[in-house]
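> quick one, fold the following:
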Amino acid sequence: MNHEPRQSRLIICGLIALTGCAAVGPNYQPPKTATSAKWSSDLGGGLSAAPVAPKTFERWWDVLKDPVLSDLIERARKGNLDVRQAEARLRASRAQRGVAKADQFPTLSANGSASRTRSSREAMGSNTGSSRPSLTANNFANSFDASWELDLFGGKRRSLEAASATMQATEEDLRDVLVSLFAEVALNYVEIRSYQTRLAITAANLAAQSEIYDMTRWRREAGLTTQLDVDQARRSLETTRADIPNLRTDLAQAQYQLALLLGEQPGALEQVLAEPKPIPVVPAEVAVGVPADVLRQRPDVRSAERKLAAQTAQIGVAAAERYPKLKLSGSIGLEALQYANLYTASARTAQGLVSAAWTFFDAGRIRQQIAVETAKQEQALSFFQATVLTALKDVESVLVAYANEQTRRAALSEAVKSGQSAFDLARHQYTAGLVDFQTTLDTQRSLLSVQEQLAISDAEITSNLIRLYKALGGGWTSLESARVAAPISLGNKS
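Residues are numbered from 1 along each chain as shown. Predicted coordinates for the structure are as follows:
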């Protein structure tokens, strides 16, 4: 009884079973990142360490209660060209993972051929000198071929692991683009409203200065003042008027930049932004969570962690080159000299082959390649740690700026009230001849200055809130379902 076929099948099954064994190279372990239990900055100005509500985190711009801003962000999501590039990179990364996954399976192919060969008698070695006709031979064949390189030591599995982690990192990069885009759209929008507010302040002051200028001319004609007061009033009026073109230029440029973020032509937003509106007001209280939340939410941190995982798998890919490679190949088909006999039982053919290859000397090439991938893993770990520190620094910086700007804004608000009262009083006293004109000019300039500073401070507070949500990584979860947290091991330190 012939046991060779059975033994061959057992050997092949055993080799296939080996492909499920542990892969060579280090198994990835997420880096442990210790974080403080609270922020080092004192939370003031309405900030609290309470967890950020999921709905607020997803659509943080809704807290500003500005429907125009919400519409612009939606348009940016659909039209921004950086987002389209990031989406294309993600599609390419997903396809690359598909290639790595396909490498784990056999390759099957179908072949068909038909040939006709004609040879002369002389070519066949006949020297009879007769004029017999040449020989003609036909050959018809169909076959199915298969080949499979067994993943005995996990090189292909590590390659798939690396491709999967790279794809996940690309997903996080797309989300990071969205986080930055939404924040930039909102910052640009606030800047536009700030310029519109400052233009309105300048226009109001220009009207007041025009009244004072007319009043000084009347008083000069009545002999109650000198030409010096008239010239000073005219100088103050024209100086304020000269500020308007610069503000209009800045406003137009901000609108063009916003149109670029939306992926639209310059001037496309003129109708939307033509009506001046106030700067969006921040809510009275803002929850920021704790440092550990930032590491789970920030796409750039999540991306850096996935890139570290991918690079760790690449060490296994390089290490697998040390070990033998085993390849199975085979073919079944039909072959006959006449087409009529091609599909008969006698035309069946079969062939099987097991081949092995092992590089036992390469002058250290594989060892050096493993060292290269290991060094790259160390770089990826350092990059991840630097990204974590940068994320924490970003939030801490904005927390300080937000709280301090609230204090500054309160002082400027009081200054505007006092400045307005002083200017009104100085104007009445000048009309009554109780103070000189220089006093009126000084109080008017001071009022214009603090009014502009207050408008800038209002915009800065709203901008700092936008930067805070950007630093927290807010916004990207509003567009797609995603993992709640990247596989990062976090620990608290007191």
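> paired strands for the longest strand along the chain, with orientation please.
Secondary structure of the chain read by DSSP state E shows that its longest strand is strand 135-150. For strand 135-150, the paired strands and their directions (DSSP bridges) read strand 107-119 (antiparallel), strand 325-336 (antiparallel).
> deepest of those strands, which one?
strand 325-336 (a mean of 17; mean count of other C-beta atoms under 10 Å). C-betas here are computed from N, CA, C, even on glycine.
> circling back to that earlier point, quick one: the strands paired with strand 135-150 as TSV, columns for mean pLDDT too.
Converted to TSV, the strands paired with strand 135-150 look like this (pLDDT from 0 to 100):
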stretch	mean pLDDT
strand 107-119	80
strand 325-336	80
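> now render the ones you listed as JSON lines, adding distance to Ala356.
Shown next, in JSON lines, are those (distance: least, C-beta to C-beta, whole Å):
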{"stretch": "strand 107-119", "distance to Ala356": "18"}
{"stretch": "strand 325-336", "distance to Ala356": "5"}
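> low-scoring stretches of the stretch 51-200 of the chain, by residue?
Within the stretch 51-200 of the chain, the ranges that satisfy pLDDT under 70 run 120-134.
> let's see 90
Across the stretch 51-200 of the chain, the ranges flagged by pLDDT under 90 are 51-58, 99, 101-156.
> helices of that one, start to end?
54-58, 67-79, 81-102, 155-221 (DSSP state H, counting those that start in this stretch).
> same thing with the stretch 351-494 of the chain?
365-431, 437-472.
> that older thread, the longest strand of the chain: which residues count as buried?
Residues of strand 135-150 classed as buried: Phe140, Ala141, Asn142, Ser143, Trp148, Glu149, Leu150 (neighbour count, 16 or more other C-beta atoms under 10 Å).
> just the C-alphas of that strand, formatted as PDB.
The C-alpha trace of strand 135-150 is given here as PDB (Å, rounded to 0.1, in the frame of the first residue of the first chain):
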ATOM      1  CA  LEU A 135       6.200  16.800 -40.000                       C
ATOM      2  CA  THR A 136       3.500  18.900 -38.200                       C
ATOM      3  CA  ALA A 137       2.800  18.600 -34.500                       C
ATOM      4  CA  ASN A 138      -0.100  20.300 -32.600                       C
ATOM      5  CA  ASN A 139      -0.300  20.900 -28.900                       C
ATOM      6  CA  PHE A 140      -3.300  22.100 -26.900                       C
ATOM      7  CA  ALA A 141      -3.200  22.900 -23.100                       C
ATOM      8  CA  ASN A 142      -5.300  24.500 -20.400                       C
ATOM      9  CA  SER A 143      -4.200  24.700 -16.800                       C
ATOM     10  CA  PHE A 144      -4.800  26.300 -13.400                       C
ATOM     11  CA  ASP A 145      -1.700  27.300 -11.600                       C
ATOM     12  CA  ALA A 146      -1.300  28.100  -7.900                       C
ATOM     13  CA  SER A 147       1.600  29.400  -5.800                       C
ATOM     14  CA  TRP A 148       1.800  30.200  -2.100                       C
ATOM     15  CA  GLU A 149       4.700  31.400   0.000                       C
ATOM     16  CA  LEU A 150       4.000  30.100   3.500                       C
END
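> what angle separates that strand from helix 155-221?
Following axes from the mean of the first three to the mean of the last three C-alpha atoms, to 10 degrees, one obtains 70 degrees for the angle between strand 135-150 and helix 155-221.
> so what's Leu425 up against?
If a contact means C-beta atoms under 8 Å, 6 or more residues apart in numbering, then Leu425 has Thr443 as its contacts.
> from now on call the first residue 57
Got it, the first residue is 57 from now on, which makes the last one we talked about Leu481.
> closest one to Gln141 out of the buried residues of strand 191-206, please.
Of all the buried residues of strand 191-206, Glu205 has the smallest distance to Gln141: 35.4 Å, by C-beta to C-beta.
> my read: that closest one touches Pro380, true?
No: counting by C-beta atoms under 8 Å, Glu205 stays clear of Pro380, with 11.1 Å between them.
> re the thing from before, most packed of the helices of the stretch 407-550 of the chain?
Neighbour counts (mean count of other C-beta under 10 Å) averaged over each of those peak at helix 493-528, with a mean of 21.
> ramachandran coordinates for Leu99?
For Leu99, the backbone dihedrals (degrees, to the nearest 10) come out as phi -80, psi 110.
> cool, Arg354 as well?
Here Arg354 shows phi and psi, under degrees, to the nearest 10, equal to phi -70, psi 120.
> chain neighbours aside, what residue packs nearest to it?
Here the nearest residue to Arg354 in space, its sequence neighbours aside, is Gly529; by C-beta to C-beta, 6 or more residues apart in numbering that works out to 3.8 Å.
> number of residues surrounding that neighbour?
Using other C-beta atoms under 10 Å, Gly529 has 25 neighbouring residues.
> how far does the longest strand of the chain sit from its chain's centre?
Centroid separation for strand 191-206 versus its chain: 50 Å, with C-alpha atoms, centre = their mean, to the nearest Å.
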